[in-house]
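Participant: coords please:
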Amino acid sequence: MGGYFHTGPGPPRRSTLPLVTPPPDKRARPLNLQSRSTLAGEAAAAAAEVESALTATLDPEVAAFFDVDNTVMQGASIFHFARGLHRRKFFTTGEILGAAWKQAYFRVVGVEDPEHVAEARASALGFIAGHTVTELQELGEEIFEEAMAHRIWPGTRALAQMHLDEGQRVWLVTAAPIEIATIIARRLGLTGAMGTVAEHVDGVYTGRLVGDMLHGPAKGEAVKALAAREGLDLHRCSAYSDSYNDLPMLSLVGDPCAINPDHRLRAHAKEQGWRIRDYRTGRKALRAGVVAGGIVGAATGTVAAGLALRGRRR
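Facilitator: Numbers count the residues shown, from 1 in each chain. Purely as a prediction, here's the structure:
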């Protein structure tokens with residue numbers, strides 16, 4: 001099972017309306033203590049009524065699971081992060097071009113070479129070793145604002161909000177580093193995130209993973225473990241992804257949905273009668289159907305992770 005981490009269960013964000021009290025009429029007689037107490041009680045009751053009306057009833061047995069890359073966000077989150085680090089001179093142009101080439105290789109071939117993946121992962125771990133968790137988290141916050149926030153698919157965001165409004169918890173499940181996944185989940189007001197976890201000791205990355213990359217079968221195992229821990233009824237849960245590689249997660253739930261699917265997932269979804277939502281333009285959707293897709297998650301946690309997270313040694 002792949003290593004994963006989640007930020008902890010919690011109810012959807014609550015909204016409250018402020019109570020506006022008009023300025024006192026200076027000509028009015030001062031209120032006595034009993035009148036003040038009565039007004040205070042009425043105000044408290046009114047606030048509670050508003051809170052109750054705006055708060056969805058939590059359904060503890062139901063949750064929704066969302067892949068990130070090309071499902072919640074246009075493109076691969078790790079590459080948006082990589083460009084932000086590149087602008088900060090954390091690695092060279094040649095290195096990011098190398099990462100782009102490897103991603104293109106995966107897209108064209110459509111299968112993963114185990115030796116290639118292992119080599120890339122070892123290189124990735126070497127790059128992040130010695131850097132601090134705080135450093136990556138701070139950079140992630142900055143880069144989300146400048147490179148990721150405007151790439152969130154409005155349609156997928158609306159689906160996530162629908163689940164929240166129904167009192168369900170919403171989790172991101174991604175091969176991207178947990179640091180990035182957690183930032184995205186928090187900024188979107190979601191319950192939490194599960195992602196690839198790099199081991200760190202005393203706040204410094206060791207260069208090893210906790211378990212393995214959260215990809216493919218590992219996503220399914222992570223969802224099952226979370227469901228067992230949180231008492232979820234997976235038959236009532238939903239899952240969303242763009243990639244055929246995420247079938248282990250999609251097949252676990254009673255309500256799977258293909259979002260911006262690659263050609264293999266689209267065919268499988270049609271065969272199984274699953275929901276399909278495509279928020280891309282017609283041209284982009286057509287191109288995605290021609291080029292073997294669904295590999296961003298595979299490349300994210302291994303090929304791109306180290307190149308994207310590589311920084312100047314302290």
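
Participant: For the stretch 51-200 of the chain, which segments count as strands?
Facilitator: Shown for the stretch 51-200 of the chain, the strands assigned by DSSP state E, counting those that start in this stretch span residues 63-66, 169-177, 192-196, 198-201.

Participant: As a markdown table, those strands with mean pLDDT would be great.
Facilitator: Output for those, formatted as a markdown table (pLDDT from 0 to 100):
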| stretch | mean pLDDT |
| --- | --- |
| strand 63-66 | 98 |
| strand 169-177 | 92 |
| strand 192-196 | 92 |
| strand 198-201 | 87 |
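
Participant: Now distance to Gly211 and mean neighbour count too, for these, in CSV please.
Facilitator: For glycine as for every other residue, the C-beta is placed from the backbone atoms N, C-alpha and C. As requested, those are exported to CSV (distance: least, Cβ to Cβ, whole Å; neighbours: other Cβ atoms under 10 Å):
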stretch, distance to Gly211, mean neighbour count
strand 63-66, 18, 26
strand 169-177, 12, 29
strand 192-196, 9, 27
strand 198-201, 9, 17
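
Participant: Could you check how many residues crowd around Arg87?
Facilitator: Applying other Cβ atoms under 10 Å, we find 11 residues neighbouring Arg87.

Participant: re earlier: can you add distance to Ser238 and give the strands of the stretch 51-200 of the chain back as a markdown table?
Facilitator: Formatted as a markdown table, the strands of the stretch 51-200 of the chain follow (distance: least, Cβ to Cβ, whole Å):
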| stretch | distance to Ser238 |
| --- | --- |
| strand 63-66 | 4 |
| strand 169-177 | 9 |
| strand 192-196 | 16 |
| strand 198-201 | 29 |
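
Participant: Help me confirm that Val223 comes into contact with Asp67.
Facilitator: No: counting by Cβ atoms under 8 Å, Asp67 is not a contact partner of Val223; they are 11.2 Å apart.

Participant: what residues do these two have in common as contacts?
Facilitator: Both Val223 and Asp67 are in contact with 173, 249, where contact means Cβ atoms under 8 Å, 6 or more residues apart in numbering.

Participant: In terms of neighbours, single out the busier of these two.
Facilitator: Ranked by neighbour count (other Cβ under 10 Å), Val223 and Asp67 place Asp67 first, with 28 against 25.

Participant: What ranges in the stretch 201-314 of the chain fall below the confidence cut-off?
Facilitator: By pLDDT under 70, the weakly predicted segments of the stretch 201-314 of the chain are 282-314.

Participant: how about the helices of it, start to end?
Facilitator: 217-230, 247-250, 263-272, 282-290, 296-299, 305-309 (DSSP state H, counting those that start in this stretch).

Participant: which residues are contacting the second one?
Facilitator: So the one you mean is helix 247-250. Here helix 247-250 makes contact (Cβ under 8 Å, 6+ apart) with 65, 67, 173, 216-217, 219-221, 223, 239, 241, 256, 258, 265, 268, 274.

Participant: Quick one, which of those residues are buried?
Facilitator: The neighbour count (16 or more other Cβ atoms under 10 Å) marks 65, 67, 173, 216, 219-221, 223, 239, 241, 256, 258, 265, 268, 274 as buried among the contacts of helix 247-250.
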